[in-house]
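Asks: build me a model from this:
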Amino acid sequence: MFDHPLTPLLAPESVAFVGASERPNTPGRDMLETVRRSGYRGRVYAVNPKYETIDGIACYPSLADLPEPVDLAVLAVGNSRLEEAFERAAEAGARSAVVFASGQGQGADGGLIDRLRAIARAAGMPVCGVNCMGFYNDALPVWICGFPSPRTLTPGGGITFIAQSGSVFGAIAHNDPRFAFNLVVSPGQELVTTVADYMDYALELESTKVIGLFLEAIRDPEAFRRALEKANAREIPVVALKVGRTAESQALAVSHTGALTGNDSAFDALCRRYGVLRVKDIDELAATLLLFAAGRLAAPGGLATIHDSGGERELLVDLAQEVGVPFARIGPSTRKRLAERLEEGLEPHNPLDAWGTGNDFQAIFTDCLRALNDDPQTALSVLFADLRDRYYVSEGFAAAAADVAGQTTKPVIVATNYSGVRHDAIALRLTRAGVPVLDGTVPALRAVRHALAWRDFLRSDRRQPVPAAPPGVRGRWQERLASGAPLEEAEALSLLGDYGVPTVPFVVAASETEACAAAETLGFPVAVKTAMPNVPHKSDVGGVRLGLGRIEDVASVYRDFAARLGPRVILQRMAPRGVEMTFGMVSDPQFGPVVMVGAGGVLVEILGDVTYALAPFDAATARRLIDELRTRRLLDGVRGAPPGDVAALARALAAFSVLSADLADLVAEIDVNPLIVTADGVLAVDALVVPKQA
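Replies: Alright, predicted model coming up:
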């Protein structure tokens, strides 16, 4: 056993159960039965002054009466007695604790949870809870849970699962023997021990193949980052289901970027940085964990599938396009092998319908699945069939999948089209043979997409150097930004230019004469916009006029703006026609500067076609962000328009990310919209910079 700060908690040599009871169907009784069922071989004590023994376990009046200070004190007491029990545990030298109670309670000097946290920190005790279900360390094994469960121990498991929801903890950990865990934790409200701490422990276990997370909040962002970095170093995939998408931060935002970038977007950017595979629901989470637990990495290429139904094959094609899973483009030699085995009337394609008359179906499916899997363009293969226990056809499909899996290093999967089919025995047998069985077409496809994404993440060059900020630029802007006043547009454009983001030429004018002279200097046509302070969205107040081609027009527009809005204006040379894009930045309180790129102009709010990343990043990362946009194809030229300079756009986005990181402590939000992309480069036309309040 390795030495780790959580060893006394998760791998204790001695455990005391405070509040142990003989009464059935109570946490005090259930926790004793649970630890016994786990096969735990350490020393077990019960603590309750009412009993001398409980079910053969010696019972003591208090922790102070135990023959030794224990590694772990499990507190199954109510909130009214919790603080006293916690203090007694610390005084008795307990090295860690599990607390099932909610911790909701008040006292004369504040909240109960705060007082418990102070006790734990003073004693240096890791704590699972409060308000937790406990944990199952199947690698030891030891189960500490105050609630009964039908689960059984599967030795040699490689799934670590940490769920901030007790119900999700129970749903995943208790019901399906296909899941072979090494560690399952319900951390509760994370009094002092967080999800990141449990991840760090799991990453020290040689058995860990994948980490699954159900998250409501990240309580220690820096430790969470370090855990993800450690997972990357060990090449352990992390699969996360994050809930709690809120609109409160959007309502407080000043810029378009702030309205689109909330806490959830920051978490999404964090996932992108560290290759975290983000799932949408529990079914997708379960399917993805099962796939990664098999321990095989997807090869280059796409998905190959074999079916016993033409209709379900067509359904798969439709759904795969929606999910974003590419099919392998199998070669002529593979098609020849398929044609030689298929019955008359069946075409040798991927995806493949291989069911004919049913004659010799097991051999046909085995040979065809092997042919598909052997193709160099196949990354992984899936046999789609609605397996049912005690059905000879399902047994034949299972044998075919197991046979092929035994002769390849690529992932071989069986997936059902209908998630409700009953296949407990056959699915467990296949899983233990290294063939994961995934339930439902869409969860299976999403798991496949994650397998391909993880492959691509591992093969990407994550060590690309990020450009340094231009020397001296921060110093020139620090005092101005520290004032807390929003930057005027001219200042914002100058700031962008100083960091290497190209901008349109501009001049600020405060009189009609200055405006006309500026227009002559810039060259016609020009745009005139109000430059009065506290007007973040100029078009909303009629403060923007474009394409002015004569001095008379400039003079007329200036007089109108001066009368309605004020005398200061900014004149810009009209940008050439091109594709409008937008850049944005929000300084997230947990994860730092988050950069956004998306479709520009009014489309940024109408379409919401944006991607996010943590700043700073290089041009290669910027290019990947741009390529993920739905409107990306506009940059290739549409209906005769020339293609845009995507490389220049990527360089500008990378420079913007450097700006965002360099000024993250001074700037709350930045909005660059539009940024025009042409065949000759990019030009930022408008920008809003909101400093943090002084």
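Asks: just the strands from the stretch 301-450 of the chain, written as ranges.
Replies: Using DSSP state E, counting those that start in this stretch, the strands of the stretch 301-450 of the chain run over residues 302-307, 352-353, 378-384, 412-415, 437-438.
Asks: state the next helix or strand along the chain beyond the helix or strand of the chain with the lowest mean pLDDT.
Replies: Of all helical and strand segments in the chain, the minimum by mean pLDDT, DSSP states H and E falls on helix 256-260, at a mean of 41. Proceeding N to C from helix 256-260, the next assigned helix or strand is helix 263-274, under DSSP states H and E.
Asks: can you list contacts of the helix or strand just after that following helix?
Replies: As assigned by DSSP H and E, the chain's next helix or strand after helix 263-274 is strand 277-278. Applying CB atoms under 8 Å, 6 or more residues apart in numbering, the external contacts of strand 277-278 come out as 237-242, 268, 271, 288, 450, 453-454. No exception for glycine: its C-beta is placed from N, CA and C like everyone else's.
Asks: okay, and which of those map to helices?
Replies: 268, 271, 288, 450, 453-454 (DSSP state H).
Asks: which one of the residues you listed is nearest Y418?
Replies: T288 (19.2 Å; CB to CB).
Asks: ok, that closest one - how many residues close by?
Replies: Residues near T288, counting by other CB atoms under 10 Å, number 30.
Asks: neighbour-wise, which of the ones in helices among the contacts of strand 277-278 leads?
Replies: Result: T288 is most packed of the ones in helices among the contacts of strand 277-278 (other CB under 10 Å), 30 neighbours.
Asks: now do the SS call for N673.
Replies: strand (DSSP: H, G, I helix; E, B strand; the rest coil).
Asks: follow-up on the earlier one: out of the contacts of strand 277-278, which is nearest to A510?
Replies: Taking the contacts of strand 277-278 together and measuring to A510 by CB to CB, the closest member is D268, at 43.3 Å.
Asks: excluding chain neighbours, what is closest to the closest one?
Replies: Sequence neighbours aside, Y612 is the residue nearest to D268 in space, at 5.4 Å (criterion: CB to CB, 6 or more residues apart in numbering).
Asks: surely that neighbour is in a strand?
Replies: Yes: the assignment for Y612 (three-state DSSP) places it in a strand.
Asks: isn't it right up against C271?
Replies: No: at 9.5 Å, Y612 does not count as touching C271 under the criterion of CB atoms under 8 Å.
Asks: domains of this structure?
Replies: Using automatic domain parsing, the domain ranges for the chain come out as 7-243, 296-459, 473-573, 579-691.
Asks: just the helices in the stretch 501-650 of the chain please.
Replies: Using DSSP state H, counting those that start in this stretch, the helices of the stretch 501-650 of the chain run over 512-522, 551-564, 603-606, 619-627, 646-662.
Asks: let me see the confidence value for the nearest residue to L63 once chain neighbours are set aside.
Replies: Nearest residue to L63, sequence neighbours excluded (CB to CB, 6+ apart): A92, at 3.8 Å. pLDDT recorded at A92 is 98.
Asks: what about A92, how many residues nearby?
Replies: By the criterion of other CB under 10 Å, A92 has 19 neighbours.
Asks: swap in T53?
Replies: By other CB under 10 Å, neighbour count at T53 equals 10.
Asks: check contacts around the closest residue to it other than its chain neighbours.
Replies: Counting by CB to CB, 6+ apart, the nearest residue to T53 once its immediate chain neighbours are dropped is C59, at 5.5 Å. Residues counted as contacts of C59 (CB under 8 Å, 6+ apart) are 20, 45-48, 51-53.
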